Each structure stands twice: as C-alpha cells, then as structure tokens.
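> Here is my input; please provide its structure:
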Amino acid sequence: MSGIIDETQNNTTARIDIPNIEHGEANHRSSIYLIFVSQYMDYNGDPDNYVVTYSREDRSVLGWSIEENGSQHDVYVTVNQIDRIRDYDCVLSKKILLLVGDDNKCLIDFNNDRTNSDRTNDNRFLRLKRQVSKFDDIGFLPNGDLIQVPKVPSTDRKIYKYCFTNKPVNTIPWEYSQIIDIKTPESLNDQIILNCSIYRTKLFLIVNFCKMLQFDLLTMNLERQYHKFGLSYGPIIMNRDQTLLAMIIFSTNIAIYSMENGMLIYEGKSGYYKGVKFITLENNSTRLVIHSGDGSKLVDPYQVYDEIDISGDFNNKSVITRMNRKIFIDNGNVCVTNEINGIDENRLQQLSNKIIYRNSIYTLSTFKIIQRMLQEDIRRVAPPRWPEKLVLKDEVEIENLGLCKIVLYNHENGYDYVGIEKNDGHLEERASLYSNIMLSIKLLNNQDLVLINIEGISIYTINENGFRLRYFWNNNEWNNIYKQNHPIISSNFIDTYRQLIDEILNNEFDNSKHSIPFPKYIEEANFHRKEIVEDVINDNLVSPKFGIEMLKIAIEKKNDAAVQQIIKSTQDYSENHMTIISLNLAELCDYYPDFMIKYISSTSIMLSPYRLRIGNSTNTSLNSYTDIYIKESNYFKPISATYIRLIRCLRIKEEIQTVSLIVPFPQICVYQDDFRNNDHENHETENNHNIKLKIIAILKKMITGLKIITIIPKRNSIWNKFLYKPKSILFCNIDSNHFYNWWNFAAIIDFKWKTFGRVYYYLIWLFYTIFYICYSLASTLEQKSIPDVYFKSLFVISIIFGSIFLIFEIRQCLWNYKHYFEDIWNLFDVGAFLLPIISSIFWLINKSQPLWLTAISIILLSFKFLLFFRVFEPFGIYFAIIIGVAKKVFPFLVLLFFLILGYAQAFFIVLRSNSINDDNDPRNVATKYDFVNPDGTISNATTIIQDPNSNTNLFNWFPTSLLAVYKILTGDSGSLSSFTYREHSTMTILLVTFTFFTVIYLMNLFIGLLNLAIDDYNKKEEFLLQKAQMIMEIELFYMSPRQRNNKKWFPDWIYYDIPITEIRKLINAIDNKQTVFNYPPLVSKELRNTVVLTDDNKKQTKEDLAQELKEKMDELTKQNVELTQQLKNIMELLKRD
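Down below sits the predicted model:
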C-alpha cells in the first residue's frame, strides 16, 4: 500500500507518506538516528518501559516495548512535518511522543487503543483542543496526563491539563479536563517576561531571566525559588532524589542548583552543550551526563572538574536512563545493558593532581567516603600503626609551591602529623598538621584531607600556607570518651571506640543520610573555629541551612566573636545572606540591637528583581503583592472579571509612575516550628526536689494540658515575634523628616490585610455585631414587650456567641500571658464577653439580672464595638493616641493619684466628725432654715434643719473624702460650702495649697505632657503596628495550621510598588542631607538609574566616571608592578643562561 495523505495540524500542512509498512520498518531499523526513552522508565510507581527510535533518512519513528526477554517493535509512523529534530526537547511518556523541531511540534500516540484499520498511521497524530504552537511547553505527569502551557500575553497565562483516560482513540481533538491560572501581580503584567519548562511533576517558571519558580503540578504549591538565573536552553532536569537540578543556559553554560535551598552550586562557562542528564548509581550516588559538541562526559555534579569521556560508549543511538541503564541500538534492535557501572566505578574515583578550591564538602560523595572510613575503623582490632613515612599523594600541584607530595609521618610520642614535601625532599614546616592518634586518613578527589582521630572527624584543605580546617565534628559521647582517654590510652581503647563508631554508623552516618552532620564550630570554652564559619557561609550548597543554625547557636551561646564574623560575612545583602539574618531576626533584636538597627535601615529600599523599568499603577499609595502562583481556574471568572472591569470604568483614576521594591526579610511571615513560644517559664532541672518547684512543675503540666485541649498554636513566625520588640528597633528606619514611612513593614501588613486579614476581620465583626444586638435587645426591651421565649432565645444566643469569643481570648492568654496582659485592649475584650454571659445566665435562672451588671456589660460591649474601627486609619490613629498617651503619662497619673490620696486623707482628718454633736457633725453642718416674723425679723424660737445624709459632709467617710477632693480638682468645691474658712483655717490652707500645686500647676503641666505625648503617637506607624497585632491574632487563633502553611498567604518574599515621586524625594533628601537616618539606606546603582531624573543622572554619572577612573588607575598600577617583577625574573634567567 502506498500513497500520500494531507493532514492539517497546528496550522501546518503535513505530508505523510504511506509506504509499504514492512519495507518502511526495515529501512527504519537500518537507518536509526535517534533513540527516545520514556521519562518514566525508571519510575518507582509504574515503570513505563517503552522506547521510540527515529530515522532521519526516511523521517519515521518506530515504537518498541522493552520486555524481560528482549524488545519488540510495534507501531511504525512516518512523519515529514518536522525537518530538524531537537532531540533533547523531545519527551516520551505512556507511549505518547512529543516530537519537537525548530519550527513546530507534534504529538504521536503509540498506544494500541488508537484505531488503525487501514494501517495508514495518519490517525496516530494527536490534536489538542488548545492548538499547539512551537512556543508551547508540554509535559507529562506520571499517570499520563498531558500538561500544556501556551505562550500567551501576560494578562491571560494558563495551564491546560488533558486527562490520559479521556484521550481520544481517533482524530478528534483531545479535550482538556482542567484549566489552571498562572496568577501574576496586576501591576507587573506588562513588566514580566515568562518562560517555562516542565519536567515530570514540576513546573519551572523563569521570570525576567533572573529568577526561577518551581511549582508542584499535583498540589499547585510554590516549592522553591532559584536565584542567579539566566535564559535556559533546553529542558530542565532533576536527579532521582530531587535534590539537584541541572540545565543549559545560553547553550554555552551548564548550571547546577540545589533543590533543597535554590542556590547555584556550579556553573560551567565554556563549551557548546547539547543536553544533560542525571543518573543514579547502585550506591545511590548521583552522576551527571553532559552531551556537548565534543562528545559525552560523565561527572560528579558536586565535583564537575573530574570528567570521564564516555563518547565512545554513548551517542545518538544510545541513552543512559536515570537508573544507570544503557539502552542502545545493535543491528537494528533495541538492547539494554548495565555497562555504565563498570565505567563509573573504575574511573570516576581517580584523583586529580590539582587542588580545587571552594568546592562543597557537604555532598553525598564525601559522606560515603567518611562512612567507608568509619566502617574500616570498626573492623580494626588495634590502633593503626602507620609507617614512619607514608606518601599519601605524589605530584600534587599547590599554588605558589608547585608540585609537592602529601606525606604522613609517625612519631613515637603518639602524635602523627601530615606535611607538604617538595620534590627536592624539603618539608614545608609551616604546612604541617599535627594530630592525636590517627584512626584513618584519606584524600578526597579535590585533595581535601579527611582525618579521623580519637578526637573527631576533621576535613582540611591544602594551600601554600599549610592545612586549613574546613570541618570538625564529634557528638557528645565521642567528646566525653576523648576527655576520659586523653592523654592516656586505656586497655579497652579499641572496644570503646568500636562501640562508639558503631553507634555513629547507625545514627549520624546511616544510609538514610545524604550529607555529613552539622559541624561543631564552638568549643566548650566558647572558642569558635573561624575557618569553619567562613567555609559554611561561602558554601552555596549548605549556607542557607547551616548558616541559619550557626548564627542561632552563636547567639544562644553568646559568642560575640562568632556572631560578628557571621554578620560581617553577610554584609553583601544577597538573598542567601538575607535569609540567614531574617530567620534569626528576633534573637538579634534581643542581643544585638545595634546590628539590627543598621540592617533594617540599610535595606530599607531594595529594588525588586521583577521590575525591568518604571511601571504605571492606579494605586496612589503603597501596593504590595507576592510571587507568581498557580491556582485552579474559577469558572465564574468571566463574570467576576466583567464586574471588576465595570467597577474600574466607573472609578476613573489617574495612573501614576511606580517602582517595585522588595521586603528584605525572606520567610519572615512563614510559620516555623517553635515550641519555645508556648513555654515562657524557666526550665528547672528534673532532680530538684524543692516542694515549691514541684508545685510549679505540676502547674506547668496543668497549663500544658490546657494548651493542648484549647489547641494552642505550636508554630510561630518571625514577624509575630518582631512585633513585640522595642519601638527603637521597630521604627529605627524612620528618618527625622519622615520621607521614609516604614515602607517595608507597611508592605507586609498591607499584603496580609488584602490577602486574608480583611475577610476574617469583617466576619469576626459581623458575628460580634450579632452578639451585641442580641444582648442589647434582651437587656433593653421591657419584660412584657415580647414573649419570654424570645427573651430566652436572645440570651441563649448571647451566651453561645459570648462563650465562643471568650474561648478565643483564653487561647490567646494561654499562648503568651505576658503579652496578653500588656495590652490593655484585651481587658476590655474579656469584660465585653464575660459580663454579658454572666448577666444572661442570671436572667435564665432568676428571670432578672443585676442592673449594675447589665449597665457595665452594655458599656463594655459598646466600647468593644468601637474598637473594631481601629482597623481604619483615621480611627486607628485616634485609638493609638488614646492608649499610647495613657501609657506615656501613666507615671504622672500615679503621682497625681497619691497627691489626691494625701489631700483626701488630710481633709478627712480635719473635717470628719469625731464625736456626736461636734462642729463637724452632719446635723450641725446641714442647711438650716429660720422663720421670719411678720415684722421682718428672724425668729429665734423655731429653726428648720434639712435632714442630713451621706452627702452632707463628704469628709466624714474616707471614700467620699477621696471623691470630694477629686471634685475639687475638677473645679467643684461644693463639698466645702458647709464649712467656713475663718473658723477652719487648716482646711483653708489645705485648699489653697491643693488648688495651687495640683489644680493650677500640675494640671497645666499635665496638659503640656498630653500635647507632647500626642505628637509622639500621632503617626501612621503606630496605627500600622496596632493593625499588625490584630492581624497576628487572626493568624494564630482563627486560622487552622493548614491555612498558616498556605504559601499564597504566607510567602517567602513580599514585593511592593511605591510612587516614584516618593523614592525620588527620599534619594534627594539623602543626597542633599535634608534628613537624618540612624543608618542611611543603601541606594543601589540600578535603583538610582531607574528613578533619578536626567539632571541628577548626569551628576551621578560624573561621580561614577571619577570612581571608575580611580579603579582603572589602581588596576593599571597593579599590572605595572606585576610586569616589572616579571621583567626582573626574565633578566635573572637570562643572566643564568
């Protein structure tokens, strides 16, 4: 059968030849050019053992099923629409092949369910409902589902998922089953350039060629961010353990990243690379296969300088799978072998003759080497006896020393040492390393020296100055054994260490681990090893993890030298180093506030990596947002989008220019495991039998049990801890003239409020309003106005809602009672919830409630309702002033209270009635009425006396005396009207002094203090702090742990847009010294070039030119000195000749 069929696919007319099938297969097998292996062939779940071969000669593909007894070809398809195959971009999964060319892509289905009655194979080409273009990215999930990411405008980025079970068996288009939106910040839609790559279940989004985001397509969660990124060429691949990621950048560079922290650990900058692939050896170590124009090489991804040429074994017709299997073509058949094992084990372990600096030692290969050394040590029956001189390595090239030998010397005094010996036999004394009894020693591939002695495990690097310590570790048991046995070696020395090493191999060095343990860099005497700290901080593989832990330990041990070294090493403010500082933010604020003040101030304005140029926005103030994220598309989105567009049309706003900045505190909002925030008491030792401490321990257990019952949060964020730090740190970056308005922290609060805070807050407000209305109606309405059943319903609703709110208050108190009682608003909250509950219970029992209790409850409920307005800036500032001023003048109020108390006691002593019918008796000071005779004279016979009461003489009882003095303070002296000043001279003196010192002097002073305090608290940052604490309560007590783990709500990084005029004002004020900072912000060159106006740019350019000229002159001077030295050396050589 022969002929030609036209088929339209992706707007391209393909001509598919239909030759004789048997003849075509024979030609294909004799001219195979490429082989494609299923990317899930070595998948742990359901292996996909299928291979497709490609013949460039007859432009055909042939499918092969890999069975235990061999391979069998089944489906043959001819394809002419792709002229040049980009083999490293092609993907095979579940018998579906994505064939990629320079100008187009096509999908070929090799499954048996495909209808094939006429054997023309034209229906083997899959068509998607969303038309495929050459720019689309396509990948496959383990279950066969197809993922399509079209290259579309920034406003409508989507991911289409095609379910494998819905795959058509004929030529009708494959319907997508799900749409996933790629959500980008609205203000950056025209700023972001997105490229993507799909590998298995991971989606990699490359943003503006400077940053890459990794998403899980199964959970749609953002998992990792990668920095120092360029334009990827070809697919992105991962190793089996998903700890390493590799790609080709600009066709000339290879980049390897750690998938555990997102850091770049290797970048090769030479050659023309075609593709890369990870394989896994039998010992679970990872190797990287690099295909370039010069052939194929096999390398250790952690030590890429050691290469093995495998070009003779692997080419286009052979493939290495992830599990280290070689699949190749032999006489037109597909064969499988494990030949690569012999190549790797025999050749990759060879040592280089050149010292390699700055490589990581925290790799699986180093771990395996030390593990084998420990296994050899445990088999020994006696301490090793080294020869008097043992050459560890010949012809090692060391900088400034040339070719040398690494030699081990054995001394009779029990100390061994390693030295660097030149080829002439001269021992470099300055380059010697002395050690206690050495158990084992080995050189790594990069010439680092691993040494295990009776003290611990050490790793040294070799340079012209000798041996520099890079790593030291021992556990507590090892350290104790060393102290007990050193310097005398006991008879059971080997047995002791054999047992110790056996425990280490079962714990710190068991097969489940992939890296050597965290180094021990601080000794018991609080001495720290500076070299280890420097090595960890500069190691991109482990610095985000170990650097954080190092700083935390140094702070806990109060080792100032170590803290200062780590802090000094992070002054470049890279994203990696910012993470180290950010995750220790709370502790640094407590113990090193000066550094934190400098850090917060210096990083106040940092340009976002997303922003390529100045943007436009309708937001006239700060606008925050987070990274790009993906979410399932909302089917009601068209309706909501129409509504939003309509609202925007009605709200016509003028656009302003903005610049995008980044909050320099990575993971500050992410909830970390922190059990200490639930344990605020001191930790006493278990062996203390003091009765008092036992009682305290019992109370602690009771509180702990109550915390468990009430589901107290066990995790906290750095941000929540930071909010309770002194305001001298919180507001340290506020300049004297308020050009800078707490932007970084305002961005965090704005993001939290817009993302989830406002929804939760308004819901809480709604439920409280229901509670307030129900109780107010039940307490205010007359008893007969409505039936009792309605009263009962209102009170029951009040009890239910009040109890719910009260439970949240109890949880908040148990979480941190110190912070809880420091906030006076919490006392109003408790009263507003507890008193209405008690009052409602009274009514349900007695059909009535105490009037005083009802009145106080209504007042507290009303005040609590007003507090909900704190979230709005105009109201929030007033509330901040009310509380802030009260705290500020509280000492003055205490002073005033005691003055009132003293005068009240003095008036009480002078004016109280000491006996019946004395001058101060209420009947004698009560108002008297005399009768008037007809002739106008006063009658002496009859007098009417007003019946006295407790108000007649307020000074007759001390509490009312206190009230009377307070009334005098307010200007009401009626309590003294019953007494004459002439007859009560002491009272007169007391009144004069009180009114002068208190009413006139102190009260005017009080008013002045109020004015000063109002100025201190009439600031936006006080409102923001108040709002941040309210949002914190929502996060901790109204959210579930799952919600607190939501990366969309609690991202690693937060960005924000700020009007460019504000940035210009700030930079201009800094340049012209118009404002004062504790530490001025660092203004990067990129930020200055972005926002500074033309005239200012010219000025800046002159300064830059002067600086560049100075640097060039210094460089030329240095080169001149080097050339002079070289000329002298040449002249000396010529004289010798």
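> drop to CA atoms for contacts and neighbour counts, all remaining ones
Noted.
> Find the centremost residue of the chain, please.
A centroid search over the chain (C-alpha atoms, centre = their mean) returns Gln667, at 2.0 Å, as the residue closest to the centre.
> need the contact list for the closest residue to that one other than its chain neighbours.
With sequence-adjacent residues excluded and distances taken as C-alpha to C-alpha, 6 or more residues apart in numbering, Gln667 is closest to Asp1052, at 4.2 Å. By C-alpha atoms under 8 Å, 6 or more residues apart in numbering, the residues touching Asp1052 are Pro666, Gln667, Ile668, Cys669, Val670.
> just curious, which of the residues you listed is nearest to Thr769?
Comparing these against Thr769 with C-alpha to C-alpha places Cys669 closest, at 30.4 Å.
> Could you chop the chain up by domain?
In terms of domains, the chain is parsed into 18-126, 234-354, 360-517, 897-1003 (source: the TED database).
> Using CSV, lay out those together with distance to Ala832, mean pLDDT and mean neighbour count.
Shown next, in CSV, are the domains of the chain (distance: least, C-alpha to C-alpha, whole Å; pLDDT from 0 to 100; neighbours: other C-alpha atoms under 10 Å):
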stretch, distance to Ala832, mean pLDDT, mean neighbour count
domain 18-126, 58, 80, 19
domain 234-354, 48, 74, 18
domain 360-517, 54, 78, 17
domain 897-1003, 27, 83, 15
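> Present the ones you listed as TSV; the columns should include distance to Ala778.
Formatted as TSV, those follow (distance: least, C-alpha to C-alpha, whole Å):
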stretch	distance to Ala778
domain 18-126	64
domain 234-354	59
domain 360-517	66
domain 897-1003	34
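> Just confirm the residue nearest to the centre of the chain contacts Ile1054, I think it does.
No. Gln667 lies out of contact with Ile1054 (C-alpha atoms under 8 Å); the separation is 9.1 Å.
> Mind checking what helix or strand follows the host helix or strand of Ile1007 in sequence?
Counting by DSSP states H and E, the element that carries Ile1007 is helix 1003-1017. Later in the chain than helix 1003-1017, the nearest helix or strand by DSSP H and E is helix 1020-1037.
> Excluding chain neighbours, what is closest to Thr970?
When the adjacent residues along the chain are set aside, Thr970 lies closest to Val999, with 7.8 Å between them (C-alpha to C-alpha, 6+ apart).
> Surely that neighbour is in contact with Leu969?
Yes. Proximity of Val999 to Leu969 meets the contact threshold set by C-alpha under 8 Å, at 5.7 Å.
> any residues in contact with both of those two?
The contact sets of Val999 and Leu969 do not overlap (C-alpha under 8 Å, 6+ apart).
> After the strand or helix carrying Thr1061, which helix or strand is next? Please name it.
If you go by DSSP H and E, Thr1061 is part of helix 1060-1071. Beyond helix 1060-1071 in the direction of the C-terminus, DSSP H and E gives the next helix or strand as helix 1085-1091.
> Can you give me the buried ones in that following helix?
Buried residues in helix 1085-1091, counted by 16 or more other C-alpha atoms under 10 Å: Leu1087, Arg1088, Thr1090, Val1091.
> Make a markdown table out of the residues you listed and add pLDDT and distance to Phe731.
Below are those laid out as a markdown table (pLDDT from 0 to 100; distance: C-alpha to C-alpha, whole Å):
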| residue | pLDDT | distance to Phe731 |
| --- | --- | --- |
| Leu1087 | 85 | 23 |
| Arg1088 | 84 | 24 |
| Thr1090 | 81 | 27 |
| Val1091 | 81 | 25 |
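> Quick one: these as CSV, columns for distance to Ser939 too.
As requested, the buried residues of helix 1085-1091 are arranged in CSV below (distance: C-alpha to C-alpha, whole Å):
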residue, distance to Ser939
Leu1087, 97
Arg1088, 97
Thr1090, 99
Val1091, 96
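> that older thread, a strand runs through the residue nearest to Gln667, doesn't it?
No. Secondary structure of Asp1052 (DSSP: H, G, I helix; E, B strand; the rest coil): coil, not part of a strand.
> Where neighbours are concerned, which of the contacts of Asp1052 has the most?
Within these, most neighbours by other C-alpha atoms under 10 Å means Ile668, with 26 neighbours.
> Pull up the gap between Lys151 and Val132, please.
Going from Lys151 to Val132 by C-alpha to C-alpha, to the nearest Å gives 10 Å.
> correction: Pro173
According to C-alpha to C-alpha, Pro173 stands 11 Å off from Val132.
> These two: which is more packed in?
Neighbours per residue (other C-alpha under 10 Å) separate Pro173 from Val132, with Val132 holding more: 22 against 15.
> Isn't the more buried one up against Asp103?
No. Using C-alpha under 8 Å as the test, Val132 is too far from Asp103 to be in contact (11.7 Å).
> Specify the beta-bridge partners of Leu607.
Leu607 forms beta bridges with Leu661, as assigned by DSSP bridges.
> Would you map the strands across the stretch 601-750 of the chain?
For the stretch 601-750 of the chain, strands defined by DSSP state E, counting those that start in this stretch occupy the ranges 615-617, 623-626, 629-632, 656-662, 671-673, 715-717.
> Select, out of those strands, the one closest to Ala586.
Across the strands of the stretch 601-750 of the chain, closest to Ala586 is strand 715-717 (C-alpha to C-alpha), at 9.9 Å.
> For the closest one, name the packing helices and strands.
The contact analysis (3 or more C-alpha pairs under 8 Å, 6 or more residues apart in numbering; DSSP states H and E) places strand 715-717 against strand 671-673.
> how does it look with 10 Å?
Helices and strands touching strand 715-717, by 3 or more C-alpha pairs under 10 Å, 6 or more residues apart in numbering; DSSP states H and E, are strand 671-673, helix 1020-1037, helix 1041-1044.
> could the ones you listed go into CSV alongside mean neighbour count, distance to Cys732 and mean pLDDT?
Converted to CSV, the helices and strands packed on strand 715-717 look like this (neighbours: other C-alpha atoms under 10 Å; distance: least, C-alpha to C-alpha, whole Å; pLDDT from 0 to 100):
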stretch, mean neighbour count, distance to Cys732, mean pLDDT
strand 671-673, 16, 25, 78
helix 1020-1037, 19, 11, 91
helix 1041-1044, 14, 29, 87
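> How is the residue of the chain positioned farthest from its centre assigned, secondary-structure-wise?
Residue farthest from the centre of the chain, counting by C-alpha atoms, centre = their mean, is Asp935 at 98.2 Å. Here Asp935 is recorded as coil under three-state DSSP.
> again, but for Tyr417
Using three-state DSSP, the structure places Tyr417 in strand.
> in the stretch 201-350 of the chain, which spans are strands?
202-207, 211-216, 222-226, 232-238, 244-249, 253-258, 264-268, 273-280, 286-292, 295-300, 303-309, 318-320, 326-330, 333-337.
> Dump those to JSON lines, plus distance to Ala1013.
As requested, these are exported to JSON lines (distance: least, C-alpha to C-alpha, whole Å):
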{"stretch": "strand 202-207", "distance to Ala1013": "48"}
{"stretch": "strand 211-216", "distance to Ala1013": "47"}
{"stretch": "strand 222-226", "distance to Ala1013": "46"}
{"stretch": "strand 232-238", "distance to Ala1013": "58"}
{"stretch": "strand 244-249", "distance to Ala1013": "57"}
{"stretch": "strand 253-258", "distance to Ala1013": "53"}
{"stretch": "strand 264-268", "distance to Ala1013": "51"}
{"stretch": "strand 273-280", "distance to Ala1013": "66"}
{"stretch": "strand 286-292", "distance to Ala1013": "65"}
{"stretch": "strand 295-300", "distance to Ala1013": "65"}
{"stretch": "strand 303-309", "distance to Ala1013": "63"}
{"stretch": "strand 318-320", "distance to Ala1013": "74"}
{"stretch": "strand 326-330", "distance to Ala1013": "78"}
{"stretch": "strand 333-337", "distance to Ala1013": "82"}
